[in-house]
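> structure for the following, please:
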Amino acid sequence: MARRVLSPAGDGKAIGMYSAGFEVDAGRLVFVAGQVAVDGAGRVVGEGDFAAQAAQVYKNLAAVLNEAGCTVRDVVKFTTFLTRHQDFAAFTEFRKTEYRRLFPDGVYPPNTGVVVPSLVRSELLLEVEAIAVKPAGPARAGRTRTTRSAGRKGRSAARPTGARRRSR
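Residues are numbered from 1 along each chain as shown. Okay, here's the model as predicted:
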């Protein structure tokens, strides 16, 4: 994925471990629903422990991105929802450690942080959603699924890149 980091020197300048923005080449966008600290069996991980919950959230993000053939390095935007303002310091500490590992080039995706009254389950402390751009080229790890369009039995709604729909 070709990207250009947007780094204005004055107004709009990033004030933390994130980029003000990315400009990316056209590609396949991947939208990841907000991930929370729930394991594969549906159990909350790390109840009351922000660092443990954050680790599970990013593990879940990585799994969804992998399904699309992406990695966390393909993320171009995060949105982070915290349920307690006091957890912002813990989130900053988590990022200081984990983001250096996840983004070894030191270029961090833009992130919008929001404090909300609660999430879908009261014991959850954060939720993170992501937008990624799938790199061009041969398919990477993950499975490709097609969807069926209602009213068009037996025909896949997915078409190869560059394919055109025939006019009728």
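
> let me know the pLDDT of the closest residue in space to residue 64 that isn't next to it in sequence.
Excluding its sequence neighbours, the residue lying closest to residue 64 (Cβ to Cβ, 6 or more residues apart in numbering) is residue 32, at 4.8 Å. For glycine as for every other residue, the C-beta is placed from the backbone atoms N, C-alpha and C. Confidence at residue 32, expressed as pLDDT, is 92.

> quick check: which element contains the closest residue to residue 23 other than its chain neighbours?
Leaving aside its sequence neighbours, residue 23 sits nearest to residue 4 (Cβ to Cβ, 6+ apart; 4.4 Å). Here residue 4 is covered by strand 3-6, with elements defined by DSSP states H and E.

> that strand pairs with which strands?
Using DSSP bridges, the strands paired with strand 3-6 are strand 21-24 (antiparallel).

> from the contact counts, what lies against the following helix or strand past the partner strand?
Downstream of strand 21-24, the next assigned helix or strand under DSSP H and E is strand 28-35. Counting contacts by 3 or more Cβ pairs under 8 Å, 6 or more residues apart in numbering; DSSP states H and E, strand 28-35 packs against helix 50-67, strand 126-134.

> with only the CA atoms kept, save strand 28-35 in CSV.
Taking C-alpha atoms only, strand 28-35 is exported to CSV below (Å, rounded to 0.1, in the frame of the first residue of the first chain):
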residue,chain,number,x,y,z
ARG,A,28,-9.8,-2.3,-1.4
LEU,A,29,-11.0,-0.7,1.8
VAL,A,30,-11.5,-3.0,4.8
PHE,A,31,-13.8,-1.7,7.6
VAL,A,32,-13.4,-3.5,10.9
ALA,A,33,-16.3,-3.3,13.4
GLY,A,34,-15.5,-2.1,16.9
GLN,A,35,-13.6,-4.9,18.7
